[in-house]
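Chemist: With the sequence up front, the predicted model follows.
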Amino acid sequence: MDYKKVFYRFETQPEFIKTGSKPVIDSTQKAALNRKGNSLYNSGDIEGAKRIFLTTGYSDGLARIGDYYVSQGRNIDALKMYWIAPDHLKGEPIIERLSVIIKTLLREEEDLPNE
């Protein structure tokens with residue numbers, strides 16, 4: 001089976017991007033940044049809060065960003081946030097749904113006549 005053919009239609013979708021290490025931030029700076037991130041989140045600037053929470057590694061904030069993405073139907077983005085948080089319990093249902101989708105795509109590809 002040509003697995004590339006199965007997923008060709010998703011080529012324009014964003015992928016997981018591996019990033020470098022986090023900058024060194026002392027606890028005072030981290031607390032101040034997390035407060036700023038919480039303020040941004042509460043005011044509706046989700047992407048601004050996300051940038052801060054990613055920088056500080058604030059797991060509760062990242063999980064809340066993931067929850068927001070789920071509420072918006074952005075499950076892949078939510079999974080990224082849950083995985084980084086790490087809050088794998090929240091990520092597992094998304095992984096299960098994606099697994100079903102992938103299995104279905106593979107079965108459909110197997111059922112197609114060879115070209």
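Modeler: Now that the structure is in, tell me what you want to look at.
Chemist: Give the residue spans of this protein that score low on pLDDT.
Modeler: Scanning the chain for pLDDT under 70 picks out 1-23, 114-115.
Chemist: From residue 107, how far off is the residue nearest the centre of it?
Modeler: Among the residues of the chain, the one closest to the centroid is residue 80, at 1.9 Å (CA atoms, centre = their mean). Using CB to CB, to the nearest Å, residue 80 is found at 27 Å from residue 107. Where you see a C-beta, it was placed from the backbone N, CA and C, and this is true even at glycine.
Chemist: Same question for residue 28.
Modeler: With distances taken as CB to CB, residue 28 is found 54 Å from residue 107.
Chemist: And residue 48, by the same measure?
Modeler: 42 Å.
Chemist: quick one, which of those two is more surrounded?
Modeler: residue 48 (15 against 10; other CB atoms under 10 Å).
Chemist: Test my guess that the more buried one contacts residue 42.
Modeler: No: Residue 48 is not in contact with residue 42 according to CB atoms under 8 Å; the separation is 11.2 Å.
Chemist: which residues do the two both contact?
Modeler: Applying CB atoms under 8 Å, 6 or more residues apart in numbering, one finds that no residue jointly contacts residue 48 and residue 42.
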